[in-house]
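1. Quick check, what structure comes out for this input:
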Amino acid sequence: MAETLPLVLVPGLISSPRIYAPVIPALWRLGPVMVANHIRDDSMAAIARRILVEAPPRFALAGHSMGGYIAFEIMRQAPERVAKLALINTQARPDTPEASARRRTMMTRAKDGDYHGVVDELFAGFVHPSRQDDPRLRQLVHDMAEEVGVLGFIRQLTAIMSRPDSRPTLTAIRCPTLVLTADTDNTIPNSLSKEMADGISGSWLVVLDNCGHLPQPEQPEETAQALMEWLRG
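-> So this is what the prediction gives:
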C-alpha cells in the first residue's frame, strides 16, 4: 500500500476546527488529518512557525481565508515540507488601509463587549445571500467565534493587518496547487482567486456554484470532492 500523505488544514478568521468538520470524514479516508491552531500568536510569521513545529515532516497544506495567508507564510518558511497546496477562498494581496481601519474598529468593539455584534456583521459577508437566514450556519459561525474568543480574534486581526504581499512569491510555488473559490464570495471576491491561479504555474482553479465564503459547510460534497481530487492527483 502506498504511503499516505498527512494533511494539515488551517482555518480562517473566527474559525475553529468546526469549519472543516463537513469535509474531514472524506479527507480522513485518504490519510491523517490535522487541524492547525492559529489563535495563539499575532503575526503570520509566528503562527506559521508554531504550526511547522507541530506539523508532520512533510504534508499537504490547505488554508481557508486567513488560513491561506498563513499557508503562504508556511511556503516562505519551509517550502520543502509542503507536498501539495490548496488555497480556499483566500487571496495573495496584503491588507488595504481601508480594510485595516475596519479591522481596528472591530477590535475596539470586541474589546468593549460587542463581539457578538461584530460576528453577526461578519456572518452577513460570509455566506451566500440565499443563506443569510440559515440558523444552522449562523449558529456555526457564533460557536466558532466563541471557541476562538475575543483575545484570539484580536490576535488574528493583528496578524491579518500586518501580513505581507504574497503576489511576488506566487511564481515560486512549484507543488501541485488547488485554488478553490465560490461564485458569490462577498468577503474575498473570486477575482482574487483567479489572480492567484494565474500566478501559480500549473494550478487548478475550481469555482463552486451557489456558494459564499464558507464552502465547507455551504457546499460540503463539492468541496470534499475537489480536495479529494487534489490529494489523489
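
2. Check the residue nearest to residue 64 when sequence neighbours are not counted and give its pLDDT.
-> Distances taken as Cβ to Cβ, 6 or more residues apart in numbering put residue 88 closest to residue 64, at 4.2 Å, once the chain neighbours are dropped. Where you see a C-beta, it was placed from the backbone N, CA and C, and this is true even at glycine. Looking at residue 88, its pLDDT stands at 98.

3. Residue 233 too?
-> Residue-level pLDDT assigned to residue 233 equals 87.

4. residues touching it, list them.
-> Residues counted as contacts of residue 233 (Cβ atoms under 8 Å, 6 or more residues apart in numbering) are 84, 176, 204.

5. Against residue 187, how distant is it?
-> Counting by Cβ to Cβ, to the nearest Å, the gap from residue 233 to residue 187 is 28 Å.

6. Return the residues in contact with the closest residue in space to residue 182 that isn't next to it in sequence.
-> In this structure, residue 182 finds its nearest non-sequential neighbour in residue 211, 3.6 Å apart by Cβ to Cβ, 6+ apart. Listed by Cβ under 8 Å, 6+ apart, the contact set of residue 211 reads 128, 182-185, 218-219, 222.

7. pLDDT averaged over the longest helix seen in the chain - what is it?
-> The longest helix of the chain (DSSP state H) is helix 135-161. The pLDDT scores in helix 135-161 average 98.

8. Give the next helix or strand downstream of it.
-> Counting by DSSP states H and E, the next helix or strand C-terminal to helix 135-161 is strand 177-182.

9. mind checking how far whichever helix or strand comes after that following strand is from the chain centre?
-> Using DSSP H and E, the helix or strand that follows strand 177-182 in sequence is helix 190-199. Centroid displacement of helix 190-199 relative to its chain, using Cα atoms, centre = their mean, to the nearest Å, is 15 Å.

10. If we go by neighbour counts, what in the helix or strand following helix 190-199 is buried?
-> Helices and strands here follow DSSP H and E; after helix 190-199, the next one along the chain is strand 204-208. Neighbour counts over strand 204-208 (16 or more other Cβ atoms under 10 Å) mark 204-206, 208 as buried.

11. So, low pLDDT: which residues of the protein?
-> 1-3 (pLDDT under 70).

12. Spatially central residue for it, please.
-> residue 64 (1.4 Å; Cα atoms, centre = their mean).

13. who touches that one in this structure?
-> By Cβ under 8 Å, 6+ apart, the contact set of residue 64 is 9-12, 15, 19-20, 88-90, 216.

14. related to what we said a few turns ago, can you pull the buried residues of the longest helix of the chain?
-> For helix 135-161, by 16+ other Cβ under 10 Å, it's 137-138, 140-142, 144-145, 148, 152-157, 159-161.
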